[in-house]
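Undergrad: have a look at this fold, sequence not included:
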């Protein structure tokens with residue numbers, strides 16, 4: 001309790017365009033078995049994100065989601081707090097992405113707004129980048145135009161490189177609309193903590209509709 005499979009079904013029923021899960025090695029959010037149970041009942045996009053450890057890679061290859069998002073948060077990290085240095089980790093990430101490409105899984109790399117790292121994502125064969133939006137969220141209330149500027153630049157550069165653009169981390173009902181309206185090439189956003197927090201007060205169905213409205 002709660003039943004995560006039922007929650008995933010309800011999210012889709014209420015209008016979610018996809019389900020993202022992040023199975024960490026310590027299983028404090030989602031377990032590997034949860035992922036296996038959710039996969040067969042998902043009718044829209046299924047995105048598995050996580051650090052590409054050997055066990056994670058095997059799980060992804062077994063489940064074959066629509067998308068895998070690689071994040072640089074090894075077991076000792078509390079939560080995602082930075083994007084990949086795609087230059088320093090080029091060889092490692094290239095080999096991982098190549099494994100997923102062989103079985104037709106779209107790949108996305110979690111990155112900051114550094115243009116060199118976005119170019120690095122292209123060089124290693126990624127299909128998309130997911131922009132790490134904590135800095136945007138942190139600066140939004142003081143100066144939203146200044147806060148979104150590096151993300152607009154990063155997204156535009158990714159588009160020039162023919163990379164898809166995802167985004168996630170600390171996006172919520174207050175800051176999502178402005179972010180989405182500022183980045184016309186945005187493919188998807190992954191929102192977990194804020195959405196579930198809002199659902200405590202608004203209910204899951206109403207919350208999902210509000211987030212969808214932000215993206216309309």
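TA: Done, it's in. Bear in mind that the values here come from a model prediction, so they are computed numbers and not experimental data.

Undergrad: packing partners for the longest helix seen in the chain?
TA: With DSSP state H setting the assignment, residue counts place helix 144-160 as the longest helix in the chain. Judged by 3 or more C-beta pairs under 8 Å, 6 or more residues apart in numbering; DSSP states H and E, helix 144-160 is in contact with helix 115-123, strand 128-132, helix 134-139, strand 164-168, helix 176-182. Heads up, the C-betas are built off the backbone N, CA and C, glycines and all.

Undergrad: for the ones you listed, give me CSV that also has mean pLDDT and mean neighbour count.
TA: CSV is the format used below for those (pLDDT from 0 to 100; neighbours: other C-beta atoms under 10 Å):
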stretch, mean pLDDT, mean neighbour count
helix 115-123, 98, 19
strand 128-132, 98, 26
helix 134-139, 97, 17
strand 164-168, 98, 23
helix 176-182, 98, 17
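
Undergrad: could I get those as TSV with distance to residue 22?
TA: Shown next, in TSV, are the helices and strands packed on helix 144-160 (distance: least, C-beta to C-beta, whole Å):
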stretch	distance to residue 22
helix 115-123	19
strand 128-132	12
helix 134-139	15
strand 164-168	10
helix 176-182	19
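
Undergrad: phi, psi of the most far-flung residue of the chain relative to its centre?
TA: Relative to the centre of the chain, the most outlying C-alpha is that of residue 142, 25.3 Å out, by C-alpha atoms, centre = their mean. Dihedral pair for residue 142: phi -90, psi -40, per degrees, to the nearest 10.

Undergrad: just the pLDDT for it.
TA: On the pLDDT scale, residue 142 is placed at 97.

Undergrad: can you list the weak-confidence ranges in the chain?
TA: 74-80 (pLDDT under 70).

Undergrad: could I get the full set of helices for it?
TA: When assigned using DSSP H, the helices of the chain occupy the ranges 4-13, 32-38, 54-63, 90-102, 115-123, 134-139, 144-160, 176-182, 193-202, 204-215.

Undergrad: against residue 125, how distant is the residue lying closest to residue 29 once chain neighbours are set aside?
TA: The spatial neighbour of residue 29 that comes closest, neighbours along the chain excluded (C-beta to C-beta, 6 or more residues apart in numbering), is residue 22 at 5.7 Å. Using C-beta to C-beta, to the nearest Å, residue 22 is found at 22 Å from residue 125.

Undergrad: more neighbours: these two, which one.
TA: Neighbour comparison, residue 22 and residue 125: the larger count goes to residue 22, with 19 against 16 (by other C-beta atoms under 10 Å).
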